[in-house]
Structures are given as structure tokens and as C-alpha cells.
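# give me coordinates for this.
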Amino acid sequence: MSVGGVVLVLIGLYAAAGLCVAVAFVIAGVTRVLPQPMDFTLGARLLLIPGSAALWPYVLRRWLKARSAA
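As a prediction, the model looks like this:
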């Protein structure tokens, strides 16, 4: 496999992990991360998916930190 192929596989793995974390976060974790819990509409949750998928390491770290503090 060439270097380009390895890079594409790594990008695909990052995207797959990001999508999994984003969907789980939007369903279960978004209200737990905020200092004051609030309700989110379906539209707001859908808008959060792309950003949380792209920044999934940060989102996961914050989510786990909020979970351990509770």
C-alpha cells in the first residue's frame, strides 16, 4: 500500500470514529457537558453533528471529564 493509501485509510478511520462519537454525544452527552443543562431541539442536535464529528477528540475528552465530575 502506498503512502497515499495509508493516509486515506487513516482519514477514513478518523471520520468513522468521529461519526460514532458525534452521534453518541448528540443523543446522550450534549446536555451533560454544559454547566447549566438545557433542552436541545432536533434541529440544534443535527447542527452539532458535523462539528462534533470533526472535533471528536476534544468532544470526547470534555464529555468524559463532565461525566467524571458528576
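
# residues contacting the worst-scoring helix or strand of the chain on mean pLDDT, please?
Here the helix or strand of the chain ranked lowest by mean pLDDT, DSSP states H and E is helix 30-33, holding a mean of 82. The contact list for helix 30-33 (C-beta atoms under 8 Å, 6 or more residues apart in numbering) reads P37, M38, D39, F40, R45, L48, R62, W63, A66, R67, A70. Yep, even glycine has a C-beta here, placed from its N, CA and C like the rest.

# how about the secondary structure of M38?
coil (DSSP: H, G, I helix; E, B strand; the rest coil).

# from G5, how far off is the nearest residue to it once chain neighbours are set aside?
The shortest distance from M38 to any non-neighbouring residue, by C-beta to C-beta, 6 or more residues apart in numbering, is to T31 (6.8 Å). For T31, the distance to G5 (C-beta to C-beta, to the nearest Å) stands at 40 Å.

# what about stretch 42-55, average pLDDT?
On average, the pLDDT along stretch 42-55 is 93.

# with stretch 18-26 instead?
Stretch 18-26 comes out at a mean pLDDT of 95.

# convert it to PDB, retaining C-alpha atoms only.
The C-alpha trace of stretch 18-26 is given here as PDB (Å, rounded to 0.1, in the frame of the first residue of the first chain):
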ATOM      1  CA  GLY A  18     -15.800  11.000  14.700                       C
ATOM      2  CA  LEU A  19     -19.200  10.000  13.400                       C
ATOM      3  CA  CYS A  20     -19.700   7.400  16.100                       C
ATOM      4  CA  VAL A  21     -18.600   9.800  18.900                       C
ATOM      5  CA  ALA A  22     -20.700  12.600  17.400                       C
ATOM      6  CA  VAL A  23     -23.900  10.600  17.200                       C
ATOM      7  CA  ALA A  24     -23.500   9.200  20.700                       C
ATOM      8  CA  PHE A  25     -22.600  12.700  22.000                       C
ATOM      9  CA  VAL A  26     -25.600  14.400  20.300                       C
END
